[in-house]
Each structure stands twice: as C-alpha cells, then as structure tokens.
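1. A structural model of the following input is requested.
(chains A and B)
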Amino acid sequence: MSNRYDNLEHSLALLEMMERIRAFEEQACLAAERDKLVLGAIHPSIGQEAVAAGVMTHLRESDILLSTHRGHGHTLAKGSSSLAMMRELLGRQGGCCGGKGGSMHIADFGVGMLGANGVVGANISIAAGAAHGIRLLGDDRIVVDIFGDGAINRGPFLEGLNWAAVFDLPILFVCEDNQYSATTRTQTMTGGDGPVARAKSLGLRASEVDGNDVEAVAAVSQEIITRLRAGGGPELLHAKTYRRTGHTSFDPAAYRPEGESAAQERENDPISRQQQALKERGVAGQIFEKLHQSAQQEMTEVLAEAAATGFPDDASAFDDVQDIGSPAKEPF
Amino acid sequence: MPVMTYMEAGRAAVRLAMQADPTVWCVGEDLGRGGVFGQYKGLREEFGAARISDAPISEAGIMGAALGAAMVGTRPIVEMRFSDFALCATDELVNQIAKARFMFGGQMRVPLVVRKPIGMWRSSAAQHSQSLESWYAHVPGLVVACPSTPQDTFSMLRAAIECDDPVVFMEHKNIWALEGNVDFAETVEFGKARVRRKGGDVSIVSWSNTANLAQDAASLLAADGIDAEVVDLRSLWPWDKETVLNSVRKTGHLVVAHESVAVAGFGAEVVATVAEHAGAALQGPVRRLGAPRGLIAYAPNLEDRMRVTTEMIAQAARETLGKTTA
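-> Predicted coordinates for the structure are as follows:
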C-alpha cells in the first residue's frame, strides 16, 4: 500500500486522534441523551474521524482552520482542549467560547480554529478571506476549510472557490462527504458530477480520497499542504465518508435504508480499518486497547469535570456584543 | 479648512487611514477603476492593487471574505456599491459578522467597515434606491452610521475605520457632490447627534440627506416665525436619545423625518422613546414622516410620490404646532 506511512509512530498518532474524537463524540452524545446536560443540538462526527485526523495532522498551530456544525473532531484534531470543548457543549464557564456559542459555534483562536458555523457553507467564503488576509499580511500560514457535501449546493461554494482561485490563495477546501444533507441523500439533490468536477471547473486542483482510510487522507493532505506551503494555489479534496449517526444526536435517522449504518460500522469503520492495517504491520492488539482506554478515560473525566463547572455569570450575556453602543452599558 | 464634496471627504478619510495603518485595505467591485461613483479614484495609484482590491461580482463572497480577513488581523473596508446589492450578503453581515465576536466568546473582534450607499437618486427604480438603515439598527453587534455632510462623512468614516466594531456606513448617493468645509482634526463619537440648528418651538429629528432637507425646512419655518431645532442623529446605533429627549422637553413638539419607509422605520423608535421618556413634555401631536409603504418607481413623477420633501417637513412642523396655513 503506497499511501501507508513508514513512520509507525505517526500511524499510531492518527489512530490515537481518531480514538480521542470517537470518545469525545460518544461522551457528548451521552451528555445529551443520558444526562440531559447538552441542551441544544449536537451533530456528532462518529464514523468520520479519519478526515479530521488525517488532514489536521499536517497543520501547525498557527495555521487556520474553519469548520462546520459537525466540527468537534476537526477542532480537537487542531489541538483544542477537550475540557474547554466539553464545557462549551455544556454551556459552562471555561468553555472555549465562554458558553456563548455551544457545539455549533465552537472556536479556539488560540490554536487557529476560527470557528464552526451554524449556517451550511457560510464558512467557505470566510475561509477564503482568512487566506486573503494572510496573503495581505505576508505571513506563511495556510488555511484549511472543511465543509460537507450539502454545502456544495450553496452560493458560498461558488463564490468562495472562485475567490480563492482569482486571488491564488493558500487554502485547502475539504469536502467531507458523509452522503447526507441533514436528512436527505445528497445525491438526490445535487446536479452534475460533484465537488471535484465543480472545483476543477473553477480552476482549482482537485482530488478525491477514501475518507475512511486515515493514512490515505493523511498522505494526500500532506502532498497538498506541501504544495500550499510552497506557494501553490488553492485545492479541493473530496473525502468520501459516511455519517453513522442521525443529523443530530436526537435524530434516529429512520430515513436510511435498513442496515446501511450497521454495514458501515462493520465494514468501513475508520478506527477498525486503521487497527487492521497496523496489525498487518505487526503492531500488537494490546496497543490498540491501550489507546482506546486512554481516550475513553480522558473523555469520561472531561465530561465529569465539565459537568461540575458552573454556568457563566449572568452579566456576561451582554459582553462582547460590541464596544460602541454595547448592551452592557445601555441595556434595552 | 478645505472645502470638499461629500464624496471627496470619504475618500480623504480612507486615504488618511490607509496611510496611517498598513492593515487597512479596501475591497469591492470596480475599485481599481475608482469605484462605481469614483469614491476610490486615485487610491489604487497610491496604495496598489492588493490594498485597493477589485472583487468578483460576489457581494456575499466579498462580505464573507472581509470577515475572514478581519479575523486574521486586517481591517477591511468593504464596498457594496449600492445598499440594495448588500442584501445578497445578508447572511454574511447579519449572521456572521455581527455575531462572530459574541458567539466565539470574545476571542476576537471584527474591525471592518461596510460602505453601503443608500437613497433615491433620479430614476434608478426599486433596486438601486432603497434606504434600509433601520434593518441594521435592529441587528445587535452592528454600528450604523448615516452621515449627511462632508464633515460628518470624513469624521465618521475615520472613526468607523479606527474602531473595532463592524460598522455599516451608509452614505447617501444623491449628495456625492454636496460641498462643505472639512476639518481633518474634528472627531466624532458614534451616538452623538449634531444639533444643526438651535430652536425653541419644535424639534425636527432626522438623519442622512433628510437632515439637509430638515435644515431647509427650518429656514422656511423661520420665515413664518417658527423657531425649529434640527437634530441630525448621524448614527442610528448607537443613537443620541439624550439630545432628542432634551430637545423635546424644551420645545414640546416633535417631528421625525426620514427617507426610508415610515412603517417600522427608525422614526418609530425615536417616537416611541420620546413617548416613554418625555411623553409628558409633548404639547402637540407627534408627526412622523417617511416614505409610503410603496415601492420606488422609475418614472420621475411616480418616484416623487415616495419622497419626503422640505415642504412636507415644514408643514408637519406647522401641524404639530397647530399653525397650519390654508
């Protein structure tokens, strides 16, 4: 397999990150459904962890990431604190957005994560602009923008990709294709040949990858990001994966063909596939168990600690709206 | 103190800000050629194509890109050409720019200015003539500026570029050539009205070009022996309640006049605030003038049916004072 890493440590790090994302999402779902601690909607990325782990492994802390409403995995893989993230999901003090944003607006500027977004596709032109700003400032950061398959039917896909092409910006657009647009099969609502064809028509270099093969994602991302760092223009990567849960944690996904998700879990789970690949390279099963347990322990503790944290001060409801005409000074 | 047009005053503000701060840049359609009205003429020669940047006809893309560029440390000035076209970028402005700082818990600010020329100018019909300032006054997170003179355009645009909040900056298209003295040293604070004429009989509250009409109306009224006070709000968020309330407490009579549609217009906010806080001072009926809830037509006679005129403002003042002439 040409797209396997020679460096076993790196291969294990990818597995470890996927385990951490999985464990985080599982705890977040428990917090929502069992504990009723997550009050709003969350959009789990269970089954899609390879995209987050495989792309983000090549980013520096100063590089920029923008993500979607299904962005926990990307944010964690960019280096954000699992505790600050879980606190944000629970709307607590010390959440990465102070409890103001919740799951759908998770952001951690300290690690270059400039925000998930509650509006499908909206992050695309914002990300292009971040790359534009970087170019104006003359620094060497690059931008990764992740969006779903549904987003390619929104205007910002056209406007943002065209913008990146026209200004020749250092940005990688990743279409994380989980095959569902909320509760509808994306294929039934999309004309033409999909994101790669659309991106190429706008002058971007575009490629496709098995989004459940973490090393394949990592290998192709490395090639693209190397080109971006060398001054190459914008690119799109179409990572094909599968959303194993419903649209939100509350959605039973009854609209899916029976057995579809179970078959994906059985045959196409990114964690199992990476374990299998590593096993074939002689890695012992105990190591997988250790990584799994360690991730489970981290996220269980994180949930307990987040749940033990208080809500934000009432007064902060009026903070950070604006300086001039601030509701904190002039409540109406 | 140089005499400048309303347009030149805006250009001077941009130029000085760009000279002072290398992170300030302008982006919009046709900016390389000076912008659709010539507001940016000569700036590309001075600052180059990267800082006076053309853009595809993608208002949503321009607005979204400006947010991203602001988040990484630049200070964009976004040109929307016509406020009507900025509606294509409503998600980017209302859902993204206005909310980003709050949603992300104050991790960053969005220091950008959106220039959106408003207003009727001859025969531009329904998609190039609107005044939608009250929409943005309704959106928390935004500052809304509507200057009416060259001096205020200069000082308010400088303040808009310097502040860390997103500012919706609405210049009126019909007064690009309006001339006036501009003192580069004069600064303004958003939320401070300009009392353009002091008077004791009736308070006329307005903004944007209608404030100029209100001042003309005050001259007509003076000839009738009516001493009107003209308050130009200059910014709608924040807005200067104190000056308006004090004026009404003094005169006991209120006229509010604006070009935008009267229904749910910002005039209603002004009148409601006066009713809440200075209602007892009112000695006559309040008059509120705005466009009918109709659409702006191409034919000049039909277009004129949507206008608030100097004479209408004067007449409303006479009515609230019970001094109507036959």
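
2. I figured A:Gly98 was touching A:Phe311, is that so?
-> No - applying CB atoms under 8 Å, one finds A:Gly98 not in contact with A:Phe311, separated by 10.6 Å. To be clear about C-beta, it is placed using only N, CA and C from the backbone, and glycine gets the same treatment.

3. if you count what's nearby, which of these two comes out ahead?
-> When neighbours are counted by other CB atoms under 10 Å in any protein chain shown, A:Gly98 comes out ahead of the other of A:Gly98 and A:Phe311, with 24 against 12.

4. Could I get the buried residue list for stretch A:91-106?
-> Within stretch A:91-106, the residues that count as buried by 16 or more other CB atoms under 10 Å in any protein chain shown are A:91-92, A:94-106.

5. show me the contacts for the spatially closest residue to A:Val166 that is not a sequence neighbour.
-> Spatially, and ignoring its direct neighbours in sequence, A:Val166 is nearest to B:Pro56 (6.2 Å; CB to CB, 6 or more residues apart in numbering or on different chains). By CB atoms under 8 Å, 6 or more residues apart in numbering or on different chains, the contact set of B:Pro56 is A:Glu159, A:Asn162, A:Trp163, A:Val166, B:Glu29.

6. Tell me the secondary structure of the third one, please.
-> Classification of A:Trp163 by DSSP: H, G, I helix; E, B strand; the rest coil places it in helix.

7. list the contacts for the closest residue in space to it that isn't next to it in sequence?
-> Spatial nearest neighbour of A:Trp163, excluding adjacent residues (CB to CB, 6+ apart): A:Ala128 at 4.4 Å. By CB under 8 Å, 6+ apart, the residues touching A:Ala128 are A:143, A:145, A:160-161, A:163-164, A:167, A:169, A:171, A:234, B:61, B:64-65, B:68.

8. Could you export these as JSON lines, including secondary structure and neighbour count?
-> Below are the contacts of A:Ala128 laid out as JSON lines (DSSP: H, G, I helix; E, B strand; the rest coil; neighbours: other CB atoms under 10 Å in any protein chain shown):
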{"residue": "A:Val143", "secondary structure": "strand", "neighbour count": "30"}
{"residue": "A:Asp145", "secondary structure": "strand", "neighbour count": "30"}
{"residue": "A:Gly160", "secondary structure": "helix", "neighbour count": "35"}
{"residue": "A:Leu161", "secondary structure": "helix", "neighbour count": "28"}
{"residue": "A:Trp163", "secondary structure": "helix", "neighbour count": "29"}
{"residue": "A:Ala164", "secondary structure": "helix", "neighbour count": "33"}
{"residue": "A:Phe167", "secondary structure": "coil", "neighbour count": "22"}
{"residue": "A:Leu169", "secondary structure": "coil", "neighbour count": "24"}
{"residue": "A:Ile171", "secondary structure": "strand", "neighbour count": "32"}
{"residue": "A:Pro234", "secondary structure": "coil", "neighbour count": "30"}
{"residue": "B:Gly61", "secondary structure": "helix", "neighbour count": "29"}
{"residue": "B:Gly64", "secondary structure": "helix", "neighbour count": "32"}
{"residue": "B:Ala65", "secondary structure": "helix", "neighbour count": "34"}
{"residue": "B:Gly68", "secondary structure": "helix", "neighbour count": "32"}
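
9. centroid residue for chain A?
-> In chain A, the centroid-proximal residue (CA atoms, centre = their mean) is A:His74; its distance is 2.9 Å.

10. show me what contacts that one?
-> So A:His74 contacts A:Ala52, A:Met56, A:Leu65, A:Ser67, A:Thr68, A:Met113, A:Ala116, A:Ile146 (CB under 8 Å, 6+ apart).

11. which residues in the stretch 101-250 of chain B form strands?
-> Here the stretch 101-250 of chain B has its strands, by DSSP state E, counting those that start in this stretch, at B:113-115, B:143-145, B:167-169, B:179-181, B:194-197, B:202-206, B:228-232, B:235-237.

12. residues making contact with the second one?
-> Same thing as strand B:143-145. Strand B:143-145 is contacted from outside by A:322, A:324-325, B:133, B:136-137, B:156-157, B:160, B:163, B:165-170, B:190, B:234-238, using CB under 8 Å, 6+ apart.

13. do the same with the last one
-> Contact partners of strand B:235-237, identified using CB under 8 Å, 6+ apart, comprise A:325, B:133-134, B:136-137, B:142-146, B:156, B:190-192, B:207, B:266.

14. Need the buried ones from these selected in ChimeraX.
-> Buried residues among the contacts of strand B:235-237 (16+ other CB under 10 Å), as a ChimeraX selection:
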select /A:325 /B:133,134,136,137,142,143,144,145,146,156,190,191,207,266
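
15. Need the max-distance pair from the contacts of strand B:235-237.
-> Greatest spacing in the contacts of strand B:235-237, by CB to CB: B:Ser134 and B:Lys192 (19.7 Å).

16. on that earlier part again, leaving out the residues flanking it, which one is nearest to the residue nearest to the centre of chain A?
-> Nearest non-adjacent residue to A:His74, counting by CB to CB, 6+ apart: A:Ser67, 4.3 Å away.

17. For that neighbour, list the residues it contacts.
-> Applying CB under 8 Å, 6+ apart, the residues near A:Ser67 are A:His74, A:Thr75, A:Ile106, A:Met113, A:Gly115, A:Ala116, A:Asn117, A:Asn123, A:Asp145, A:Ile146.

18. how does it look with 7 Å?
-> A:Ser67 sits next to A:His74, A:Thr75, A:Ala116, A:Asn123, A:Ile146 when contact means CB atoms under 7 Å, 6 or more residues apart in numbering or on different chains.

19. And the residue lying closest to the third one once chain neighbours are set aside, how close does it get to chain B?
-> Just to be clear, that refers to A:Ala116. Spatial nearest neighbour of A:Ala116, chain neighbours left out: A:Gly71 (3.6 Å); criterion: CB to CB, 6+ apart. For A:Gly71, the distance to chain B equals 13 Å [CB to the nearest CB, to the nearest Å].

20. With A:Ser181 instead?
-> Taking CB to the nearest CB as the measure, A:Ser181 and chain B are separated by 18 Å.
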